[in-house]
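S.K.: Sequence and predicted structure below; questions after.
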Amino acid sequence: QKQLVESGGGLVQPGGSLRLSCVASGFTLDYQGIGWFRQAPGKEREGVACISYSGATTNYEDSVKGRFTISRDNAKNTAYLQMDSLKPEDTAVYYCAAKFLNCPRLTTDVGTSWGQGTQVTVSS
């Protein structure tokens, strides 16, 4: 079964850090662009960050630039999102996506695979 599984979410105070992981099973992340998206209550899902299949290209949504870092470890078939200096407005469900994903445009296609999401809550 081809799937993506996110982990690492939780409750953190403003200014804190979290590292999200996205593990692929049933298919390889090699040669795939990978993206992180988020959806806050009452809002549309938005792209947060992406990394190209080679890792040479990354792109970030403006509000997270300088605070979030996307990376990948193809040997572990895993992608990461390091989130520092977290703000309450970062609270959302975070999803990873791969396959038919364009980076840097952060666009997806009907064939894109999605994880089930992990909740990130930033609150004091």
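M.R.: Done, it's in.

S.K.: Quick one: neighbours of Ser52, just the number.
M.R.: When neighbours are counted by other CB atoms under 10 Å, Ser52 registers 18. (C-beta placed from N, C-alpha, C; glycine too.)

S.K.: Hmm, Cys103 and it touching each other?
M.R.: Yes - with contact defined as CB atoms under 8 Å, Ser52 and Cys103 form a contacting pair (4.6 Å).

S.K.: Find the residues that touch each one of those two.
M.R.: Contact criterion CB atoms under 8 Å, 6 or more residues apart in numbering; residues shared by Ser52 and Cys103: 33, 58.

S.K.: Run through the bridge partners of the residue most central in space within the chain.
M.R.: When CA atoms, centre = their mean is applied to the chain, the residue found nearest the centroid is Trp36 (2.3 Å). On the basis of DSSP bridges, Trp36 is bridged to Ala49, Cys96.

S.K.: pretty sure it is touching Cys96, no?
M.R.: Yes - distance between Trp36 and Cys96: 5.6 Å, which falls inside the contact criterion (CB under 8 Å).

S.K.: which residues are in contact with both of the two?
M.R.: Once CB under 8 Å, 6+ apart is applied, the residues that Trp36 and Cys96 both contact turn out to be 20, 22, 79, 81.

S.K.: List the contacts of the second one.
M.R.: Applying CB under 8 Å, 6+ apart, we find Cys22 in contact with 4-6, 34, 36, 78-81, 96, 98, 115.

S.K.: Would you tell me which one of these comes nearest to Phe68?
M.R.: Leu81 (6.1 Å; CB to CB).

S.K.: quick one: contacts for the closest one?
M.R.: If you count contacts by CB under 8 Å, 6+ apart, Leu81 has them with 19-20, 22, 36, 48-49, 68-70, 94, 96.

S.K.: Which among the contacts of Cys22 count as buried?
M.R.: Among the contacts of Cys22, those scoring as buried are 4, 6, 34, 36, 78-81, 96, 98, 115 (criterion: 16 or more other CB atoms under 10 Å).

S.K.: Show me how to select, in ChimeraX, the buried members of the contacts of Leu81.
M.R.: Written as a ChimeraX command, the selection of buried residues from these, which uses 16+ other CB under 10 Å, is:
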select :20,22,36,48,49,68,69,70,94,96
